[in-house]
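[1] Okay, predicted coordinates and the sequence, questions at the end:
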Amino acid sequence: MKNGIDVSVYQGNIDWKAVRNSGIEFAIIRAGGSDSGFYKDSKFEQNYANAKAVGMPIGAYYFVGSGCTSKADGIADAKRFLEIIKGKTFEYPVYIDLEATSPSNRNGATEACIGFCETMENAGYYCGIYASDVSGFNDRLDLSRLSKFDKWVARYGSKPVVVKSYGIWQKSDSGRISGINGNVDLDEAYMDYPTIIKNAGLNGFKKPENPAPPQNKPAPQFGELSLNGKKYKITLEEI
């Protein structure tokens, strides 16, 4: 298990070295969204650069607005997200953050998540869905149709109960961490995302070359050893 945070412009100027020294092991950074027009988070570039500078493994998320209620909407938002994160690398997944749609558009929001995630995956990213355990995955989405996608689930005070399988749990929205003024969301990750993502060559990383095959050992050579009048066959090795 790894301890992490997720941040946006609302955390202001972050001292990432202090965050890292406090024991935080990863961060998910808001890249932008469509909940207030189409925008890039004004602190995204700063947070990305400064987190990378101290060796903090990071992911990113995109907050979709209330109008993201069709597969076409999800695809369009994913393409905007891709433009924001182009040329960058992420050791943790990239996420669609769905909170603003109406429960009455449950089917459309589910279609939007599918379109978003499939578009990101086709572009070479490890993509997941962020939502609240009850008001998100239960009320605003059809969870039964999203089983193939990784999930980042918010539930405060106790672990998720609606979502049974998830990679990250957002456990609090009122954490206090050195290097950040005010509250910050706290998360726990249960998968080795950096290894999974890098080995697969996703999220801007190049897939590593296959390890060199083991060198062939020469065929063993045998000799004889006489001991107490008896002969024994032995293997000869160079020392």
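    Looks like it arrived, so ask away.
[2] And the helix or strand where Glu45 lies, what does it pack against?
    Counting by DSSP states H and E, the element that carries Glu45 is helix 44-53. Judged by 3 or more Cβ pairs under 8 Å, 6 or more residues apart in numbering; DSSP states H and E, the packing partners of helix 44-53 are helix 16-21, strand 26-33, strand 58-64. Every residue, glycine included, has its C-beta placed from N, CA and C.
[3] List the residues that contact the nearest residue to Asn138 once chain neighbours are set aside.
    Counting by Cβ to Cβ, 6 or more residues apart in numbering, Asn138 lies nearest to Val162, which is 4.6 Å off, once chain neighbours are set aside. Residues counted as contacts of Val162 (Cβ atoms under 8 Å, 6 or more residues apart in numbering) are Asp133, Val134, Phe137, Asn138, Leu143.
[4] Mind picking the one among these that's closest to Tyr61?
    Nearest to Tyr61 among those: Phe137, at 15.6 Å, using Cβ to Cβ.
[5] what's the spacing between the closest one and Phe38?
    25 Å (Cβ to Cβ, to the nearest Å).
[6] Neighbour count: these two, which is higher?
    Phe137 (24 against 14; other Cβ atoms under 10 Å).
[7] Quick check: Lys159 vs Glu188, distance?
    To Glu188, Lys159 is 9 Å away according to Cβ to Cβ.
[8] These two: who's more crowded?
    Neighbour comparison, Lys159 and Glu188: the larger count goes to Glu188, with 16 against 12 (by other Cβ under 10 Å).
[9] who's in contact with that one?
    Contacts of Glu188 by Cβ under 8 Å, 6+ apart are Met1, Lys2, Asn3, Gly4, Ile168, Trp169, Lys171.
[10] Show me where this protein dips below the pLDDT cut-off.
    Counting by pLDDT under 70, the chain has low-confidence residues at 210-239.
[11] top helix in it by residue count?
    helix 106-122 (DSSP state H).
[12] circling back: could I get the contacts of Val162 as CSV with secondary structure?
    Putting the contacts of Val162 into CSV (DSSP: H, G, I helix; E, B strand; the rest coil) gives the following:
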residue, secondary structure
Asp133, coil
Val134, coil
Phe137, coil
Asn138, coil
Leu143, helix
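[13] Most widely separated two among the residues you listed?
    The largest separation in the contacts of Val162, counting by Cβ to Cβ, is between Val134 and Leu143 at 11.0 Å.
[14] Asp173 is in what secondary structure piece?
    Applying DSSP H and E as the criterion places Asp173 in strand 168-175.
[15] Could you list every helix and strand in contact with that strand?
    Using 3+ Cβ pairs under 8 Å, 6+ apart, the elements in contact with strand 168-175 are strand 2-7, strand 150-154, strand 184-189.
[16] 7 Å instead, please
    strand 150-154, strand 184-189 (3 or more Cβ pairs under 7 Å, 6 or more residues apart in numbering; DSSP states H and E).
[17] Now do that strand: everything it contacts.
    Here strand 168-175 makes contact (Cβ atoms under 7 Å, 6 or more residues apart in numbering) with 5-6, 152-154, 156, 159-160, 183-189.
[18] Lovely, talk soon.
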